[in-house]
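Chemist: Provided below are the primary sequence and the corresponding predicted coordinates.
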Amino acid sequence: MILQDGAPVVDVWTGYSDRDGTQHWTADTGAMVFSATKGMASTVIHRLVDRGLIEYDSPVSAYWPEFAASGKSAITVRQVMAHEAGLSQLNGVSKADLLDHLVMEGRVAAAPVNSILFGKPAYHALTYGWLLSGLARAVTGQSMRELFRVELAEPLGTDGLHLGRPPVGSPTRAAQILLPQRHWPNHIFDFLAPRVAALNFSRAFGSMYFPGVMSLV
């Protein structure tokens, strides 16, 4: 939908929402997005800053004491939000860990800084969400999923914005993902990938690789 001065000028949809091409896309079909959630999570933090609950140049550990572990006590909210915290690497987490928000918030809070990347823009591809979620939870007591609802979806008057699968009873119906999914093992990749990802200079690969990454989506 495209709005002009609050009035819809384009309101169309087409295609299918399932892999087999049997379910038509509708106004209530929800598409999965990836890093667009970083902007939404950042907006949640900005709203908390607006209310005086967080300051950009204060240490994250001032709000989230566990984050001070492994020499991170001076890292600021601004550095985290600018992808300059040196915490972009996943360092061999499991698929089970990745699907548990509290576990991952604890892991990034305990993680040491990558000294090569600290202070430099290094895309925190997956850890960014848990960093902001842990900060927001420490300040509000609410999960980022809840904050998406109360800080973004409800003020905007939309029922189509969710972190995670839409809850039971929601009009939003999630479309299936059409990305290629690996079903056969690649033993060479599986042997080399975790070793490369563990290197301090693995950069983007280290920020996105974990065992099972090729099939998780």
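Modeler: Here it is on my side, so go on. Values in this document were obtained by computation on a predicted structure and should not be read as measured data. Numbering: from 1, shown residues only.
Chemist: element containing the residue nearest the centre of the chain?
Modeler: Note on the chain: the residue nearest the mean C-alpha position is Gly129, at 3.4 Å, using Cα atoms, centre = their mean. Assigned by DSSP states H and E, Gly129 falls within helix 127-140.
Chemist: just checking, what packs against that helix?
Modeler: helix 36-50, helix 77-81, helix 101-110, helix 144-147 (3 or more Cβ pairs under 8 Å, 6 or more residues apart in numbering; DSSP states H and E). Any C-beta I mention is one placed from the backbone N, CA and C, and that applies to glycine too.
Chemist: For this protein, which segments count as helices?
Modeler: 36-50, 77-81, 95-98, 101-110, 127-140, 144-147, 154-156, 187-197, 204-208, 213-216 (DSSP state H).
Chemist: quick check: angle from the fifth one to helix 36-50?
Modeler: This means helix 127-140. 30 degrees (axes from the mean of the first three to the mean of the last three Cα atoms, to 10 degrees).
Chemist: who touches helix 127-140?
Modeler: With contacts defined as Cβ atoms under 8 Å, 6 or more residues apart in numbering, helix 127-140 is touched by 37-38, 41-42, 44-45, 48, 53-54, 60, 63-67, 77, 80-81, 83, 85, 87-90, 101, 104-105, 107-109, 124, 142-144, 147, 207.
Chemist: Give me the nearest residue to Phe94, chain neighbours excluded.
Modeler: Wrong residue type there; residue 94 is Ser, not Phe. Distance criterion Cβ to Cβ, 6 or more residues apart in numbering; nearest residue to Ser94, sequence neighbours excluded, is Pro211 at 6.5 Å.
Chemist: rewinding a little: for the helix holding Gly129, the distance to its chain's centre please.
Modeler: 10 Å (Cα atoms, centre = their mean, to the nearest Å).
Chemist: quick one: that helix to helix 101-110, angle?
Modeler: Relative orientation of helix 127-140 and helix 101-110, computed by the same axes, to 10 degrees: 100 degrees.
Chemist: what mean pLDDT would you report for helix 127-140?
Modeler: For helix 127-140, mean pLDDT rounds to 97.
Chemist: Name the residues of that helix that are buried.
Modeler: Buried residues in helix 127-140, defined by neighbour count with 16 or more other Cβ atoms under 10 Å: 127-140.
Chemist: Same check on stretch 109-127?
Modeler: Neighbour count says stretch 109-127 has Ala109, Ala111, Val113, Asn114, Leu117, Ala122, Tyr123, His124, Ala125, Leu126, Thr127 buried, by 16+ other Cβ under 10 Å.
Chemist: Please look at the first one and Ile75 and confirm they touch.
Modeler: No - look at Ala109 against Ile75 with Cβ atoms under 8 Å: they stay out of range, at 11.1 Å.
Chemist: which residues sit in contact with the residue nearest to Ser94?
Modeler: Applying Cβ under 8 Å, 6+ apart to Pro211 gives the contacts Gly92, Ser94, Lys95, Asp190, Pro194.
Chemist: Relative to Met104, how far out is the third one?
Modeler: Put plainly, it is Lys95. 12 Å (Cβ to Cβ, to the nearest Å).
Chemist: before we move on, what about the fourth one?
Modeler: To Met104, Asp190 is 22 Å away according to Cβ to Cβ.
Chemist: Neighbour count: Lys95 and Met104, which is higher?
Modeler: Met104 (21 against 12; other Cβ atoms under 10 Å).
Chemist: nearest spatial neighbour of that one, skipping sequence neighbours?
Modeler: Per Cβ to Cβ, 6+ apart, closest to Met104 is Trp130, 4.4 Å.
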